[in-house]
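# I'd like to go over a predicted model; first the sequence, then the structure.
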Amino acid sequence: MTRAAYSVQDIKDMLLDRVDQVAHAYAPAVPSSYTRKGRYFTLNPGRIDRHVGSFYIYVTGSKKGRWQDHATGDYGDIIDLIALSLRCDNAGAIRAARGFLGLENEDPAAKARHREMIERSRRNQREAARADAKKRECRARQAQAIFLGASDQLRNSPVDLYLRGRGINLAELGRQPGVIRFAPECYCSQIDEETGQVFEGKYPAMVAAVTNYKGEFVAVHRTYLAPTEDGGWTKAPIPKPKKVLGDYPGAAINVWRGIGPRGGKPVSLPQCAPGTHVFVTEGIEDALSVVSLNPELRVIAAISLGNMAGLQLPAAVHQITFVADKDENEEARAALNRALEEHNTSGRTVRLWQNRWGGKDLNDALQSAQGAA
């Protein structure tokens with residue numbers, strides 16, 4: 001028996017053919033682990049992770065074998081998963097993978113099985129890529145239909161009242177953000193992971209268009225709303241009142257274009273001039289807080305902290321100011337630092353603003369200042 005020569009890609013393909021076994025071997029299940037919509041959720045094996053929910057591994061589809069941790073912004077492929085679990089480098093992970101697959105001292109029958117695994121895996125990946133592309137297109141169409149079916153008249157709507165409750169008065173901005181609309185009935189289906197309670201029905205919602213750096217519609221962000229006893233509106237009492245339909249990594253909500261030359265109409269982000277300065281927040285409320293303080297600024301919402309690092313922007317954007325939460329959580333700080341590093345290395349000037357005036361984020365500071373006035 002001899003040691004067969006396999007490329008790193010060959011080894012990855014064999015691992016992907018046994019992705020369920022690999023996932024459970026290097027990210028073991030715990031009592032609260034679960035698999036949903038092609039993703040296996042468990043604790044991150046590379047850090048002290050106390051709750052299942054932020055870390056998952058794709059076990060089906062074109063992303064099979066890839067993993068992500070939304071708490072830290074970390075991600076990787078199936079080899080990176082082994083390295084994460086064993087706390088070793090890439091070379092050590094490949095050695096471990098060879099051992100897991102039984103690639104040392106193969107007999108002819110084993111070699112034939114492994115070659116068959118490689119071909120089957122590649123065939124399945126091609127089919128999954130085609131199927132996922134169709135699903136992405138379908139989700140994008142569904143997302144756009146939700147947005148286009150919503151009302152663009154926000155004055156005195158639940159969206160307007162919700163934002164007023166957050167210290168944001170759209171009437172004072174001179175124009176309303178065209179990227180935000182009101183949907184009187186927006187479908188929602190969620191399960192509380194702790195209790196198993198099902199939340200399904202239609203809720204009023206603030207919906208926002210999510211576009212990529214080319215201006216293409218890719219997803220819709222929904223903030224489900226509910227009335228309050230005093231006549232206002234707040235986030236709906238469901239596990240996740242903010243959800244995104246569609247694939248948004250790298251994309252953002254272009255909340256505000258700023259003010260154009262000599263006070264004229266501003267251009268869209270894909271058409272911005274060289275040297276453009278963009279302010280980036282995590283959520284819509286923080287973005288509108290920036291606008292409330294200075295309507296001349298161009299502001300986008302990255303939707304999540306983890307998406308800030310991978311945010312794709314036009315080449316004409318030369319400066320970025322991240323308006324970030326003042327979060328003492330170590331994982332959140334790591335994700336923010338990753339975003340700063342990623343955009344610094346792209347050659348842009350990157351600045352950071354964090355709230356130090358009470359509360360966690362800029363919107364907290366804005367509401368606090370208004371209360372003290």
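Noted; the coordinates are in hand.
# Arg113: how many residues sit nearby?
By the criterion of other CB atoms under 10 Å, Arg113 has 14 neighbours. Quick note: C-beta positions are derived from backbone N, CA and C, even for glycine.
# oh, I was asking about Gln9
Neighbour tally, Gln9, other CB under 10 Å: 10.
# Phi first, then psi, for it.
phi -60, psi -40 (degrees, to the nearest 10).
# Next up, the contacts around it.
By CB atoms under 8 Å, 6 or more residues apart in numbering, the contact list for Gln9 is empty.
# next one: Tyr224
Going by CB under 8 Å, 6+ apart, Tyr224 touches Cys186, Cys188, Tyr203, Pro204, Ala205, Lys235, Ala236, Ile238, Pro241, Lys242, Lys243.
# tell me what the helix or strand harbouring the second one is packed against?
So that's Cys188. Secondary structure from DSSP states H and E places Cys188 in strand 180-191. When contacts are defined as 3 or more CB pairs under 8 Å, 6 or more residues apart in numbering; DSSP states H and E, strand 180-191 packs onto helix 108-148, helix 158-165, strand 198-211, strand 217-227.
# Quick one: mean pLDDT over the third one.
Model confidence over strand 198-211, given as mean pLDDT, is 94.
# now do the longest one
Mean per-residue pLDDT for helix 108-148: 94.
# now swap in stretch 214-225 and tell me
96.
# buried residues in that stretch?
By 16 or more other CB atoms under 10 Å, the buried positions in stretch 214-225 come out as Phe217, Val218, Ala219, Val220, His221, Arg222, Thr223, Tyr224, Leu225.
# do the same with stretch 227-244
Neighbour counts over stretch 227-244 (16+ other CB under 10 Å) mark Trp233, Lys235, Ala236, Ile238, Pro241, Lys242, Lys243, Val244 as buried.
# How about residues contacting it?
158-159, 161-162, 164-165, 188, 190-193, 199, 203-204, 210, 219-226, 283, 303.
# Of these, grab the buried ones for ChimeraX.
To isolate the buried ones among the contacts of stretch 227-244 in ChimeraX, judged by 16+ other CB under 10 Å, type:
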select :158,159,161,162,188,193,199,203,204,210,219,220,221,222,223,224,225,283,303
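# so what's Thr211 bridging to?
Beta bridges link Thr211 to Phe217, Ala252, judged by DSSP bridges.
# Looking at the buried residues of stretch 227-244, which is nearest Leu336?
Minimum distance to Leu336 across the buried residues of stretch 227-244 is 19.1 Å, recorded for Lys242 (CB to CB).
# how far away is that closest one from Glu285?
10 Å (CB to CB, to the nearest Å).
# Ile191 too?
Relative to Glu285, Ile191 is positioned 26 Å away (CB to CB).
# Same check on Pro177?
12 Å.
# Gly306 reaches Gly73, doesn't it?
Yes. Between Gly306 and Gly73 a contact is recorded at 4.2 Å, counting by CB atoms under 8 Å.
# Quick check: neighbours shared by those two?
Common neighbours of Gly306 and Gly73, counting by CB under 8 Å, 6+ apart, are Ala335.
# shaky segments in this structure?
Across the chain, the stretches falling below the confidence threshold (pLDDT under 70) are 1-4, 193, 262-263, 358-359, 365, 371-373.
# in it, which spans are helices?
All helices of the chain, identified by DSSP state H, fall at 8-17, 19-26, 78-86, 90-101, 108-148, 158-165, 284-293, 305-309, 330-345, 362-372.
# how big is the angle separating the fifth one from strand 180-191?
What separates the directions of helix 108-148 and strand 180-191 is an angle of 140 degrees, with axes from the mean of the first three to the mean of the last three CA atoms, to 10 degrees.
# Mind giving me the packing neighbours of helix 108-148?
Other helices and strands packing on helix 108-148, by 3+ CB pairs under 8 Å, 6+ apart, are helix 8-17, strand 180-191, strand 198-211, strand 217-227, strand 242-246.
# hmm, try it at 10 Å
On a contact count with 3 or more CB pairs under 10 Å, 6 or more residues apart in numbering; DSSP states H and E, helix 108-148 meets helix 8-17, helix 90-101, strand 180-191, strand 198-211, strand 217-227, strand 242-246.
# same question, the second one
Judged by 3+ CB pairs under 10 Å, 6+ apart, the packing partners of helix 19-26 are helix 8-17, strand 39-41, strand 55-58, helix 78-86, helix 90-101.
# any idea which of the ones you listed is most buried?
Across the helices and strands packed on helix 19-26, averaging neighbours per residue (mean count of other CB atoms under 10 Å) puts strand 55-58 on top, at a mean of 24.
# And the contacts of it?
Residues from elsewhere that reach strand 55-58 (CB atoms under 10 Å, 6 or more residues apart in numbering): 19-20, 22-24, 26-27, 33-47, 49, 63-72, 74, 76, 78, 81, 84, 128.
# With only the CA atoms kept, save that strand in PDB.
Coordinates of each C-alpha in strand 55-58 appear next as PDB, following Å, rounded to 0.1, in the frame of the first residue of the first chain:
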ATOM      1  CA  PHE A  55     -22.500  29.700  15.000                       C
ATOM      2  CA  TYR A  56     -23.600  27.400  12.300                       C
ATOM      3  CA  ILE A  57     -22.200  25.100   9.500                       C
ATOM      4  CA  TYR A  58     -23.900  24.700   6.100                       C
END
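# Which strands border that strand, and is each parallel or antiparallel?
Partners of strand 55-58 in its sheet, by DSSP bridges: strand 39-41 (antiparallel), strand 67-69 (antiparallel).
# As TSV, those with distance to Tyr6 would be great.
Below are the strands paired with strand 55-58 laid out as TSV (distance: least, CB to CB, whole Å):
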stretch	distance to Tyr6
strand 39-41	26
strand 67-69	22
